[in-house]
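Chemist: Fold the following, please.
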Amino acid sequence: MDSAPDAADACGFAYTLWIALTGVPAGSEHAWAPALGLDLAFRADALGVLMMALVTGVGALVLVYCSRYFDAGEEGLGRFGGVLVAFAGAMLGLVVADNLLLLYVFWELTTVFSYLLIGQDPRSRQARRAATQALTVTAAGGLAMLAGMVILGETAGTYRISRIVADPPSGALLPAAVVLLLAGALSKSAIFPFSMWLPAAMAAPTPVSAYLHAAAMVKAGVYLLARFGPAFGALPAWRTVAVPLGLLTMLLAGWRALREYDIKRLLAYGTVSQLGFMTALFGAATRDTALAGVAVLLGHGLFKASLFLVVGVVDHATGTRDLRVLNDLWRSAPWLCAAAV
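Modeler: Numbering: from 1, shown residues only. Below you'll find the predicted structure:
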């Protein structure tokens, strides 16, 4: 793959480090569609910088990995690289957006780009079906979230996220707005009953799984919980939805992972289980659980993306991902074993 996409993500990661070293928050605001309450408002606070580091750092690693994973001259490779970088840009915009409607724009851009990445191979019926399923589930949740955002913005009298979190609104419609926000977050992060799309998306190339399904796209819903938890975590509608569904997802997906023989699907169900754990932590909305959730969010993104990349190497080297036939792999590939450890 061309080195330009690698440089783009590397520059994004370097900029993230610069923000972290010079102090946060940092932000900017430009008028775009003021009549609609839609401004280009961006803000990089501590949570935003953490997500920026995850999105750009893992993104740069995955793009470097792609240069060896795919064969030179492979059909559609240029389009794949462009879509992957566009997805990274949309995800970066999502985590620093300080306007509800702007966040929704980036949210749906990640949905569209993920559809294109999961269905990268147009000849694979399984990939096309998985891409359509992911698009349907996450887009439906996104529409519900948009309705909640409009209710929330009108109730608060502003669409600026930082102002809403600093001074949460009240009103009879607020519980409905919170439930609709949660619907979008839970569908994006594959929380029960929306869990089915993520394991199916393992039909995508391994670099896509490492990025979208470990460090980026599926973290968007968890990020939304982390962002709005301090404002709405005390509401019964928040905790009674997020915590039980998060715990149920953690248990069901963990149990399902124990029955898998395909390593990628095993990691996929492990990801769903960890997302359920993070949802329960952020859903509890206390300071201690929020700090624990942030630690799990960062740690999971790093180790799960790395594991997916290792699985890609194993698949290339052996031609299989079936655990039942991958015996004594450490003897034939000691360096890969060391990298995996």
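Chemist: quick one: the strands in this protein?
Modeler: According to DSSP state E, the chain carries its strands in the segments 26-33, 38-44.
Chemist: among these, which gets the worst mean confidence?
Modeler: Mean pLDDT across the strands of the chain is lowest at strand 26-33; the value there is a mean of 75.
Chemist: how close does the residue lying closest to Y104 once chain neighbours are set aside get to D315?
Modeler: Of all residues not flanking Y104 in the chain, L146 sits nearest, at 5.3 Å (C-beta to C-beta, 6 or more residues apart in numbering). Using the backbone N, CA and C atoms, a C-beta is placed for each residue, glycine as well. L146 is 38 Å from D315, where distance means C-beta to C-beta, to the nearest Å.
Chemist: Which of the two has more residues huddled nearby?
Modeler: Summary of the neighbour comparison: L146 and D315, criterion other C-beta atoms under 10 Å, with L146 having more neighbours (18 against 15).
Chemist: Go through the strands of the chain and pick out the most buried.
Modeler: Most buried of the strands of the chain, by mean neighbour count (mean count of other C-beta atoms under 10 Å): strand 38-44, with a mean of 19.
Chemist: Only the C-alpha atoms, please, for that strand, written as PDB.
Modeler: Taking only C-alpha atoms (Å, rounded to 0.1, in the frame of the first residue of the first chain), the coordinates of strand 38-44 have been written out as PDB:
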ATOM      1  CA  LEU A  38     -24.900  22.700  13.600                       C
ATOM      2  CA  ASP A  39     -21.500  24.200  14.000                       C
ATOM      3  CA  LEU A  40     -18.000  22.800  13.400                       C
ATOM      4  CA  ALA A  41     -17.200  22.700  17.100                       C
ATOM      5  CA  PHE A  42     -14.300  20.500  18.200                       C
ATOM      6  CA  ARG A  43     -12.900  19.900  21.700                       C
ATOM      7  CA  ALA A  44     -10.100  17.600  22.800                       C
END
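Chemist: Please name the spatially closest residue to M202 (chain neighbours excluded).
Modeler: Nearest non-adjacent residue to M202, counting by C-beta to C-beta, 6+ apart: K264, 4.6 Å away.
Chemist: for this structure, which spans come out with low pLDDT?
Modeler: Within the chain, the stretches with pLDDT under 70 are 1-10, 12-26, 72-73.
Chemist: swap the cut-off to 50 and go again
Modeler: Segments of the chain classed as low confidence (criterion: pLDDT under 50) are not present in this model.
Chemist: Please report how far W32 lies from M52.
Modeler: Counting by C-beta to C-beta, the separation of W32 from M52 is 21 Å.
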